[in-house]
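Trainee: What follows is a predicted structure for the sequence shown.
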Amino acid sequence: MQILNDEAAKKFYAIVDGHEAHIEYARTGDVYNLLHTFVPEELRGHGVAEQLVQGTLNLIREQGAKFIPTCPFVQAFLKRHPEYREGIAHHHSWRRTSKN
């Protein structure tokens, strides 16, 4: 799955079977606050969100940037894939405050 970054729309996205799945973000410097993951109804249940998050975190890492996992789906992904936690912005206290 090819993940693209639309900086004007503030989203990482992929087009799958003619439908757009995306992660909305707010960016401050080299830190992406990942706010919301959206996968259209037609694509749900096929692992699209998982691939989207993984690809997004890989892109952020390749840029040398960090992220804040505000989105609950991203938080759940990090629990299943702790190797990606190294990309969390150090000033963020998500690990201490998460209720999940």
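Mentor: Looks like it arrived, so ask away. All values derive from a computational prediction rather than experimental measurement.
Trainee: tally of neighbours for the residue nearest to Pro40 when sequence neighbours are not counted?
Mentor: Nearest-residue entry for Pro40: His19, 4.4 Å, with adjacent residues in sequence omitted and distances by CB to CB, 6 or more residues apart in numbering. Any C-beta I mention is one placed from the backbone N, CA and C, and that applies to glycine too. Applying other CB atoms under 10 Å, we find 13 residues neighbouring His19.
Trainee: And the strands in this protein?
Mentor: Assigned by DSSP state E, the strands in the chain fall at 4-6, 11-16, 19-28, 31-38, 66-69.
Trainee: right, and Gly55 touches Met1 too?
Mentor: Yes: with contacts counted by CB atoms under 8 Å, Gly55 reaches Met1, the gap being 5.9 Å.
Trainee: Now list whatever residues contact both of these two.
Mentor: Between them, Gly55 and Met1 have Ala14 as joint contacts when contacts are counted by CB atoms under 8 Å, 6 or more residues apart in numbering.
Trainee: lowest-pLDDT helix or strand in this protein?
Mentor: Every helix and strand in the chain was compared by mean pLDDT, DSSP states H and E; the lowest is helix 94-97, with a mean of 46.
Trainee: model confidence over stretch 30-40, on average?
Mentor: Stretch 30-40 shows a mean pLDDT of 97.
Trainee: Export that stretch to PDB, keeping only CA atoms.
Mentor: What follows is the C-alpha trace of stretch 30-40 in PDB, where atoms were taken according to Å, rounded to 0.1, in the frame of the first residue of the first chain:
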ATOM      1  CA  ASP A  30       9.100  17.800  13.300                       C
ATOM      2  CA  VAL A  31       6.300  16.400  15.400                       C
ATOM      3  CA  TYR A  32       3.100  15.000  13.900                       C
ATOM      4  CA  ASN A  33       0.100  14.700  16.200                       C
ATOM      5  CA  LEU A  34      -1.900  11.800  14.700                       C
ATOM      6  CA  LEU A  35      -5.500  12.800  15.400                       C
ATOM      7  CA  HIS A  36      -7.900  10.500  13.600                       C
ATOM      8  CA  THR A  37      -7.700   7.400  11.400                       C
ATOM      9  CA  PHE A  38     -10.500   7.000   8.900                       C
ATOM     10  CA  VAL A  39     -11.200   4.000   6.700                       C
ATOM     11  CA  PRO A  40     -14.400   4.000   4.500                       C
END
